[in-house]
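Asks: Got a predicted structure plus its sequence, pasted below:
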Amino acid sequence: MQPISDMWLVVHVPKTAGTSFRKALEKYYGPTRVIRDYGKNAEATTKVVKDHLYNDAGSKPLDELIEVISSSPAKVIVGHFPVRKYARYFRPENILTFVREPLVRTCSEYLHRIRNASYEGSFSDFMAKSSIRNIQSRFLQDVPEESFIGVTEKYRETLAYINDAFQMRLTALKRNVDRKGGGHKFAENLSRDELELFGELNKKDLALYKSATQRFDALDMPKTSGSRSINWWKHK
């Protein structure tokens, strides 16, 4: 199967402004043109994805889902999934994602889990969970070099670059934002032992974030709108 040439694949790493970005895409393209894969039990998952991949009667081949989506008016597939799940169906330069400072991201997810009562333990126990450690690097393992990695802490700058480079008109909507400071404030009150443990457990994510931010900071914002062929990865 040839890569889809006119669709975007957006890997939504939890707590990296992915909901805000998805809403911006839905406003720009229209909600029905944004296909969502957030897992079997997630209300946000689009029906066509549930019917093909999470059907109790038996899942269908992923190729079949892609054929259905690519022949529809859809413009985006977005959700909580590792990039390798769908990457082979997309042009590398049509893959987008965000990374966030790992400690703050983890604190933000911990507070989110506490609020919705899906977790009740301590932060130390939470960050030691295998499903939490290095989550960003696991989601983005084998991400193509040509793919675009934005930075949550520079969300507006990232959006401006995407709009200019890819000739889009996305607006900076905010969703799932903790107005009390959330992850940042929580991180400021962690003990030295907790900080050292986090660093030991998340070396891959810390390295990924450092590399991605350096790569992003090396970009020059185009002064005029160019074509979608702007090679962001040549600035790495």
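Replies: Ah, there it is. Numbers count the residues shown, from 1 in each chain.

Asks: Average pLDDT for stretch 41-59, rounded please.
Replies: Here stretch 41-59 scores 93 as its mean pLDDT.

Asks: make that stretch 185-201, sorry
Replies: So the average pLDDT for stretch 185-201 ends up being 96.

Asks: can you give me how far it is from the chain middle?
Replies: The chain centre lies 24 Å from the centre of stretch 185-201; the measure is CA atoms, centre = their mean, to the nearest Å.

Asks: next one: stretch 92-108
Replies: Centroid separation between stretch 92-108 and its chain, computed with CA atoms, centre = their mean, is 6 Å.

Asks: what comes up buried for it?
Replies: 93-108 (16 or more other CB atoms under 10 Å). No exception for glycine: its C-beta is placed from N, CA and C like everyone else's.

Asks: farthest pair in these?
Replies: Taking CB to CB, the two most distant members of these are E93 and C107; they sit 32.6 Å apart.

Asks: Strands of this protein, residue ranges please.
Replies: Along the chain, counting by DSSP state E, strands occupy 8-11, 34-37, 76-79, 95-99, 148-151.

Asks: What helices and strands are in contact with the longest one?
Replies: If contacts are counted by 3 or more CB pairs under 8 Å, 6 or more residues apart in numbering; DSSP states H and E, strand 95-99 sits against strand 8-11, strand 148-151, helix 155-166, helix 203-217.

Asks: These: which one's closest to Y86?
Replies: Here strand 8-11 is closest among these (CB to CB), at 5.4 Å.

Asks: Mind giving me the packing neighbours of the closest one?
Replies: Identification of packing neighbours for strand 8-11 by 3+ CB pairs under 8 Å, 6+ apart yields helix 18-29, strand 76-79, strand 95-99.

Asks: which strands and helices sit next to the second one?
Replies: Taking 3+ CB pairs under 8 Å, 6+ apart as contact, the helices and strands that strand 76-79 lies on are strand 8-11, helix 18-29, strand 34-37.
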